[in-house]
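Asker: just to be clear, the model below is a prediction. Sequence and coordinates:
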Amino acid sequence: MELEEIWNSFADRMAEIELYHRAAKATAKKELSLINEQAEYLKEHPDFKEFSSSHHNMSFYDAKNGEVRFYKFQERTIEDRILDIKLHKNKQYQWLLAEAYEEFEDYLERIYAFYGSNNNSFWPLRDFGNITLSELPSKTYEWYLEQVRKKRDVPQSILNRFKNEFPELVTVEANNKYEINLALAISLIEKLRHIIVHKGGKVDSRDSFIKSTTENCGLYNNGNISVENLEFIKQFFGNNKYQNLITLLEIRILPNIPFDFHVNLFEKLTGYLLAYAFLVSGYINTSLDKNKA
């Protein structure tokens, strides 16, 4: 396995996720357009008001006798349906982000295995397991990858090792063209993924989540979180009754004009993953080139 192959595989999966993201966006846009057309029509034709709501009977079959059991009836107004579409779109974005982060973790494991197989001094001795030095030359990339998957505290232990090996990585985390702390961004996405998978995308307390996220990357400072870092995290949550909900929908810019200018929160987050992965790959490539010279 070569470094370029590992990157291309990661890039392919991230591109696929981005296409799913764009498809979800396009589908929601069409649905909202249709409902808005219906709303405008009803304003001009109030006699059709009876068609303004949708009705849903929900049922299951009784396991003992096979009879239909109705457990819920829902009537959804146009306003309800618009909200449903937005929440469903957000739910799709959440799961795609979780998938993107898992691809990022897999990528880190692969490049850690690759670099370890090409530079044995990079790995701590405990990563090699019960093996002698004389056996290392016979070990394949797949063996190294299997060893990586036994590591504890992944991906943090991998990230820490890369930071020790490439001190410039720490510098770029704090000072970069994104003008955000990339260590915080990766920590945030890791925590978002956990909440999406295990808590349905909703935290118990946004403040507790912010504390945990900033502590994870050393930016809590005894509660003295910088305004920039605080606002950075808060932008990925809703407002008012949705303040504890991870919200990844587009933020409209200049809503008073008929153009779709917006901030794409989902692409911002996946962009951080791609940028970080590319950084580490570049440092590995440079290091190996120096060793060959």
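Answerer: Received the coordinates, thanks.
Asker: so who does the residue positioned nearest the centre of the chain touch?
Answerer: Among the residues of the chain, the smallest C-alpha distance to the mean C-alpha position (CA atoms, centre = their mean) belongs to Leu97, namely 3.0 Å. Under the criterion of CB atoms under 8 Å, 6 or more residues apart in numbering, the neighbours of Leu97 are 189, 192-193, 196, 248, 266, 269-270. In short, each C-beta sits where N, CA and C put it, glycine included.
Asker: how close does it get to Leu248?
Answerer: Separation of Leu97 from Leu248 (CB to CB, to the nearest Å): 6 Å.
Asker: which residues do those two both contact?
Answerer: Taking CB under 8 Å, 6+ apart as the contact definition, Leu97 and Leu248 share the neighbouring residues 266, 269.
Asker: chain center to the helix or strand containing Glu142: distance?
Answerer: Counting by DSSP states H and E, the secondary-structure element that holds Glu142 is helix 141-148. For helix 141-148, the distance from its own C-alpha centre to the chain's C-alpha centre is 25 Å (CA atoms, centre = their mean, to the nearest Å).
Asker: what sits up against that helix?
Answerer: 1, 109-110, 112-114, 116-117, 127-129, 154, 158.
Asker: mind redoing it with 6 Å?
Answerer: Around helix 141-148, the neighbours that count as contacts under CB atoms under 6 Å, 6 or more residues apart in numbering are 1, 109, 112-113, 116-117, 127, 129.
Asker: next: stretch 57-66.
Answerer: 68-73.
Asker: repeat that for stretch 11-18.
Answerer: Applying CB under 6 Å, 6+ apart, the set of residues contacting stretch 11-18 from outside is 96, 99-100, 103.
Asker: can you check stretch 117-130 too?
Answerer: 115-116, 136, 141, 144, 147, 288.
Asker: give me the mean pLDDT for that stretch.
Answerer: In this model, stretch 117-130 has a mean pLDDT of 92.
Asker: straight-line length of it, end to end?
Answerer: 16 Å (CA to CA, to the nearest Å).
Asker: quick check: buried residues in it?
Answerer: Applying a neighbour-count criterion of 16 or more other CB atoms under 10 Å, one finds 117-118, 122-123, 127-128 buried in stretch 117-130.
Asker: from these, which land in strands?
Answerer: Secondary structure of the buried residues of stretch 117-130 is defined by DSSP state E; no position falls in strands.
Asker: pipe these into TSV and attach distance to Lys89 per row.
Answerer: Rendered in TSV, the data for the buried residues of stretch 117-130 read as follows (distance: CB to CB, whole Å):
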residue	distance to Lys89
Ser117	42
Asn118	43
Phe122	43
Trp123	43
Asp127	42
Phe128	46
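Asker: what's the closest of the residues you listed to Gly238?
Answerer: Sorting these by distance to Gly238 puts Asp127 at the head of the list, at 41.6 Å, by CB to CB.
Asker: gap between Ala185 and Tyr71?
Answerer: 42 Å.
Asker: these two: which is more packed in?
Answerer: When neighbours are counted by other CB atoms under 10 Å, Ala185 comes out ahead of the other of Ala185 and Tyr71, with 23 against 8.
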